[in-house]
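[1] model this:
(2 chains)
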Amino acid sequence: MSETKQDRPSYKNTLNLPRTGFAMKANLVQNEPASLKRWQEMGLYQRLRELGKSRKRFVFHDGPPYANGPIHLGHMLNKVLKDIVVRSRGMLGYDVPYVPGWDCHGLPIEHKVIQELGEQAKSMPAIQIRRKCKASVEKYIKLQSTQMQRLLTLGDYNNPYITMLPEYEAAELEVLANLVERGIVYRGLKPVHWSIANRTALADAELEYYDREDTSVYVLFEVANAPAGAAFTHLMIWTTTPWTLPANLAVAVNERYDYGVYDIGNGRRVVIAVELAPRVLAAGGHTGSAEPVSVLRGADLLCVTYKHPFIDRTGRVVGAEYVTLEDGTGLVHTAPGHGAEDYQTGLREGLEIYCPVKDDGTFDDTVPEWLRGVDVWTANGKVVEHLRASGHLFHDHKFLHSYPHDWRGKSPVIFRATEQWFISVDKPFEANCTTASLRQRAIDAVEKDVTFYPGWGRNRLRGMLETRPDWCISRQRSWGVPIPAFYPPEGVEGEVLLTPASVRAVAKLIGEKGTDVWFLSEARDLLQYYDPNADPDAPQWVREALADPNAAIRKGSDTLDVWVDSGSSWNAVVRRRFGDEAVPTDLYIEGSDQHRGWFQSSLLLAIGATARPPFKAILTHGFMVDRDGKKMSKSLGNALEVEDLLKDFGADVCRWWVSSLNTDNDIKVDLDYFKVAGEEYRKVRNTLRYLLSNLFDFDPKAHRYTFTETDASSIDAWALDELNRLTATVRSAYEQFAFRKAHEALFSFCNETLSATYLAATKDRLYCDAADSPRRRRTQTAMYDIAHALCRLVAPILPHTADEAFRTLIPDGEVCVHLELLPEQMPIRVNGDWQKVMAQREVWLKAIEDARQSMDIDNPLDCGLVIARTPELEAFDRVDLADLCGISRVEFADDADQPRVIDLRHEPRCERSWKRDGTVKQRSDGGMLTDRDAAALGLA
RNA sequence: GGGCUCGUAGCUCAGUUGGUCAGAGCGCACCCCUGAUAAGGGUGAGGUCGGAAGUUCGAAUCUUCCCGGGCCCA
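    Numbering: from 1, shown residues only, chains lettered A, B, ... in the order given. The predicted structure follows:
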């Protein structure tokens, strides 16, 4: 035990120890903004567009987030995924323009602005509200843009698309004009929440629910025409809104329920759902038997018709799934003009969407005399009394229920059918030499022309298309793109003006002045580009009215559903910026909720306008849930903030986390997962750092080693072959948008192939060989190529770290890894038996571990290994094999069926390399050295 | 209530058309190194594949039902 460091020469400073300026600690939070700034200053996005001029284009189109707050985790996931696509496709050799966009119009923003304004909003003209909305949107676009760029996403942030800019709005109206030209835009009735006080439609977000006392009534409808042998005379319905009874056109039943016939006296046999009958009969004070005379299925009632209790008309029984046994009688009063479900039923059954209530809440002249001009609240009482008097009322009672109120006026709202604009999904139109409906064309496209990632997206989108109703595209709002419709002057009969030519004329004006012009100008001025004489579709009144300077043409006050805004982006952005051939776009990426939202609105508008889908492929990702799989929300307190994550971990760690996910379904989020991602990131970073640090004295121009046939069995050839495998895996993963696969391969390569195997095995030669030894230079050559390739392979995921490492590897000042392409396969000859050797290594390591336990050896360098002599193994360098096991030497033996570990502690130990390889002896400087170390020092 | 979808070791995930498929990494435990050091290496322990029934010679993998999530509707 005399080998103490004190009395022996120290060789540490004769070693080629690693050194590098690439810090172990990433300091992402400080350093990433510097990368961002560097890329901005060098015009990285523009330079990539320049490089891309000669390349095939891959058009990826961004779905616009809503500009109404800071970005959240969902945005982070979405934007990072998109950025990995953009960067990886670019490095695969495509030209990938990326134009980020923002969705600006719509109720949530208007709602928030109005709420902030408070009382004064009521008296404010639309144009003022719009200006406030615009300011709010601009604020959030700025914020979100900064945050997205902080996530190191690359795009045309200097020239994004913004749906409230005139050029966008004009392009959107062009799409509308095309749909009008197809003949599939029409005006029809639809019930909406209606504020009588404000004479306006309200959206769900504008409702507040308060308790209200109303009268609920059980009403008898006399059967007009029942199936032969039917034992009933009346149907009993229940409603809490007696004022809607004048609009009753049907009674809905659930076909699967049992309905009983009950004798309630005076020859009346009434139908009530069996399950509800006892309650109903008791409530009505019925004293007779509660046993049904007979029982039938809901389906058996479908052909029944009945007489309206106070209007001369018959209604009929229809089936509806929404009929439940919670309240009422199991027979639901249906007024298609006064209820959402009733409306759907009405559409399906071909009923009139009948609404006798005017915008001031009073009845029109289509109702009986005694109700005309009466407001609905007064009508409630009148209807009840009328029913009572005529013997149609079985029971009535006051009750308290939660009822929607206008959040501004606090007054109760009603459901009222109003005129709205629709896009028909079932009306066939001519295009591409075929006649088919929008629905059919969309389904065909989904079946044949669109690729879905994951595949089940196709089923989902198709299912939604199959069942969706006509698209109601009008909203009674201020903050949106106006529907450019014109109505004849008061007192003049005539159809509304909305023709392809008129829409295009207004689109031209809006393209110049923006949609504010609609709210600021007279109808006549809005039509300045419109020539009715050149428009064969122009209604007659338009020609006359435009010719008469005194005619007061009225402009419409509806705006377009915001989904028409974003759904037009394939035209407003892709086609306008990149030309006709850029549509269909190669890829859309959004959360799976967009099967109903943007994917569908884009698909319908593009097919309606061009008869082609807007995209070739759709990639969807799931939603964030917490670690228990529950929905994330601020109110539950389980939401993480993007700002915090960026501050605590940095963008590259967040991106590394995103790339680790299986994004097909729900995505669990928890702070701990970011810590794990941080650990993995450090591993990757350290691996890169170690590669770089061992290249400190390597100049590829001067020192590159040329591999030959004889190097095929070297561990360096093995490592380069592994790099080729990695390259193939990662390229393929990027091509298939399988980022998790790329992530896994990259991590495994850094962690196992490099850190635990190759770098551990080559450490000795890098440190102890003569700096210029061919063996060392060969390893450095391999490591250089590996580092160079690895930087590029991780660049789409870790843009900052990859560039930092790349710039360390090539200390030129000018390079940027994001201007490079992904590596290709390198020509390298490798001994195919390496795979077997690596499998054997597992066995050897196990044997060594066992021996260290049984022989009480601490340091593996005190071990040698005897292994079977086979022609296969003898092709390999025994030093390589020993280094792979971290031991001093390997010997072959004919009798070594099982690997045999030998204790070398009795042999001399090299004071420089710490190996006991059998060549250690005292050298001319007095030190104990191996032959290799002596040679490295030039000693005899 | 309906459509689509998910539920594999503590965690994140692989598991093609049913037959060594019960796997990987992380984490954890133990050990080593101290010339990648707020680093590095080795070994090991963990799961009746959400539950039940069924089809089959054989199922994590097919069918049905149930339980628990998610998105979108109602």
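[2] Any chance you could list what contacts the lengthiest helix in chain A?
    When chain A is parsed with DSSP state H, its longest helix is helix A:126-150. Contact with helix A:126-150 is made by A:32-33, A:36, A:65, A:67-71, A:75, A:79, A:100, A:102, A:104-105, A:109-110, A:112-114, A:116-117, A:121, A:157, A:160, A:162, A:164, A:478-479, A:516, A:519-520, A:642-643, A:646, A:651, as judged by Cβ atoms under 8 Å, 6 or more residues apart in numbering. All C-beta atoms are positioned from the backbone trio N, CA, C, and that covers glycine.
[3] What residues of it count as buried?
    For helix A:126-150, a neighbour-count test (16 or more other Cβ atoms under 10 Å) marks A:126, A:128-130, A:132-134, A:136-137, A:140-141, A:144-145, A:147-150 as buried.
[4] now do stretch A:461-470
    Applying 16+ other Cβ under 10 Å to stretch A:461-470 flags A:Leu461, A:Arg462, A:Leu465, A:Asp470 as buried.
[5] May I have the beta-bridge partners of A:Phe486?
    A:Leu497, A:Lys555 (DSSP bridges).
[6] Give the buried subset of the contacts of helix A:126-150 as a ChimeraX selection command.
    Entered in ChimeraX, the line below selects the buried ones among the contacts of helix A:126-150, by 16+ other Cβ under 10 Å:
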select /A:32,36,65,67,68,71,75,79,100,102,104,105,109,110,112,113,114,121,157,160,162,164,478,479,516,519,642,646,651
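[7] Now A:Arg87: closest residue in space that isn't a chain neighbour?
    Nearest non-adjacent residue to A:Arg87, counting by Cβ to Cβ, 6 or more residues apart in numbering: A:Pro796, 3.8 Å away.
[8] Go ahead and confirm that neighbour touches A:Ile84.
    Yes. Using Cβ atoms under 8 Å, A:Pro796 is in contact with A:Ile84, at 4.9 Å.
[9] Look at those two and report which has more neighbours.
    A:Pro796 (27 against 24; other Cβ atoms under 10 Å).
[10] wait, what's in contact with the residue nearest to A:Pro18 when sequence neighbours are not counted?
    The shortest distance from A:Pro18 to any non-neighbouring residue, by Cβ to Cβ, 6+ apart, is to A:Ser693 (3.4 Å). Residues near A:Ser693 by Cβ under 8 Å, 6+ apart: A:Pro18, A:Arg19, A:Thr20, A:Phe22.
[11] for A:Ser693, phi and psi?
    With angles defined as degrees, to the nearest 10, A:Ser693 shows backbone torsions of phi -70, psi -30.
[12] Can you give me the separation between it and RNA strand B?
    From A:Ser693 over to RNA strand B the distance is 7 Å, taken as Cβ to the nearest atom of the strand, to the nearest Å.
[13] Retrieve the pLDDT associated with that residue.
    Looking at A:Ser693, its pLDDT is 98.
[14] Just list the residues touching A:Asp877, thanks.
    Residues in contact with A:Asp877 (Cβ under 8 Å, 6+ apart) are A:Ser713, A:Ser714, A:Ile715.
[15] now with 10 Å?
    Neighbouring residues of A:Asp877 by Cβ atoms under 10 Å, 6 or more residues apart in numbering: A:Ser713, A:Ser714, A:Ile715, A:Arg775, A:Asp883, A:Val890.
[16] and which of those is nearest to RNA strand B?
    A:Asp883 (11.1 Å; Cβ to the nearest atom of the strand).
[17] which residue ranges form the helices in the stretch 401-550 of chain A?
    A:438-448, A:456-467, A:500-513, A:516-520, A:523-526, A:540-547 (DSSP state H, counting those that start in this stretch).
[18] Flag every buried residue along the first one.
    It stands for helix A:438-448. Neighbour counts over helix A:438-448 (16+ other Cβ under 10 Å) mark A:Leu438, A:Arg439, A:Gln440, A:Arg441, A:Ala442, A:Ile443, A:Asp444, A:Ala445, A:Val446 as buried.
[19] For the lowest-mean-pLDDT helix or strand in chain A, enumerate the helices and strands it packs against.
    Lowest on mean pLDDT, DSSP states H and E among the helices and strands of chain A sits strand A:200-202, with a mean of 80. Contacts defined by 3 or more Cβ pairs under 10 Å, 6 or more residues apart in numbering; DSSP states H and E place strand A:200-202 against strand A:185-195, strand A:393-406, strand A:414-423.
[20] Now do the following helix or strand past it against strand A:393-406, angle only.
    Next along the chain after strand A:200-202, taking DSSP states H and E as the criterion, comes strand A:207-225. Relative orientation of strand A:207-225 versus strand A:393-406 (axes from the mean of the first three to the mean of the last three Cα atoms, to 10 degrees): 150 degrees.
[21] Ok, which of the helices of the stretch 401-550 of chain A comes nearest RNA strand B?
    So among those, helix A:456-467 is nearest, using Cβ to the nearest atom of the strand, at 3.5 Å.
[22] do that closest one and RNA strand B meet?
    Yes. Helix A:456-467 reaches RNA strand B (Cβ under 7 Å from any atom of the strand) through A:Trp456, A:Asn459, A:Arg460, A:Gly463, A:Met464.
[23] So which residues of the stretch 151-300 of chain A form helices?
    Listed in chain order, the helices of the stretch 151-300 of chain A (DSSP H, counting those that start in this stretch) span A:166-182, A:277-283.
[24] lowest-confidence stretch among these?
    For those, the bottom mean pLDDT is recorded on helix A:277-283, which sits at a mean of 84.
[25] Of the helices of the stretch 401-550 of chain A, which is nearest A:Glu581?
    Of all those, it is helix A:438-448 that lies closest to A:Glu581, at 17.9 Å by Cβ to Cβ.
[26] Does RNA strand B have contacts with the closest one?
    No. Helix A:438-448 lies out of reach of RNA strand B by Cβ under 7 Å from any atom of the strand, never closer than 12.9 Å.
[27] who does that helix touch, helix- and strand-wise?
    strand A:429-431, strand A:434-436, helix A:456-467, helix A:598-610.
[28] The closest residue to A:Gln540 other than its chain neighbours: what's it in contact with?
    Leaving aside its chain neighbours, A:Gln540 sits nearest to A:Gly494 (6.7 Å; criterion: Cβ to Cβ, 6+ apart). Going by Cβ under 10 Å, 6+ apart, A:Gly494 touches A:Phe486, A:Tyr487, A:Pro488, A:Pro539, A:Gln540, A:Trp541, A:Val542, A:Glu544, A:Ala545.
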